[in-house]
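>>> sequence unknown, structure follows:
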């Protein structure tokens, strides 16, 4: 299986820093695990977007990302609480 490069955007990095300190390691670990499998169990493709955006759940928090299978890149876009993440 191919290895994907995980890129975390500047916006997602800032949003990650603003989360509670106890949840950050779990979310970061889950992001890095996307390099082995960009579509893990429990991920969902979001409807209503022009491009394919996926989301992964970590407790009450979510992060959204896109996948480019041609050049093997996962681009993490946003990180946040479940009540806020879908409005970004």
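Nice, thanks for sending it over. None of these values were measured; they are calculated from a predicted model.

>>> which residues in the chain form helices?
Counting by DSSP state H, the segments of the chain that form helices are 10-17, 24-33.

>>> out of these, which is closest to residue 47?
Using CB to CB as the measure, helix 10-17 is the one of the helices of the chain that comes nearest residue 47, at 21.2 Å. All C-beta spots, glycine's among them, are computed from the backbone N, C-alpha and C.

>>> so what pLDDT did residue 51 get?
Residue-level confidence at residue 51 comes out at 80, pLDDT.

>>> ok, it to residue 37 distance?
Relative to residue 37, residue 51 is positioned 20 Å away (CB to CB, to the nearest Å).

>>> for these two, indicate the residue with more neighbours.
Under the neighbour definition other CB atoms under 10 Å, residue 51 and residue 37 were set side by side, and residue 37 has more, 12 against 7.

>>> quick one: low-confidence parts of this structure?
For the chain, the stretches flagged by pLDDT under 70 are 88.

>>> can you give me the strands for this structure?
Counting by DSSP state E, the segments of the chain that form strands are 5-8, 44-45, 54-58, 61-68, 73-81.

>>> identify all contacting residues around the third one.
For strand 54-58, the surrounding residues in contact (CB atoms under 8 Å, 6 or more residues apart in numbering) are 23, 26-27, 30, 34, 38-40, 42-46, 62-67, 82, 85.
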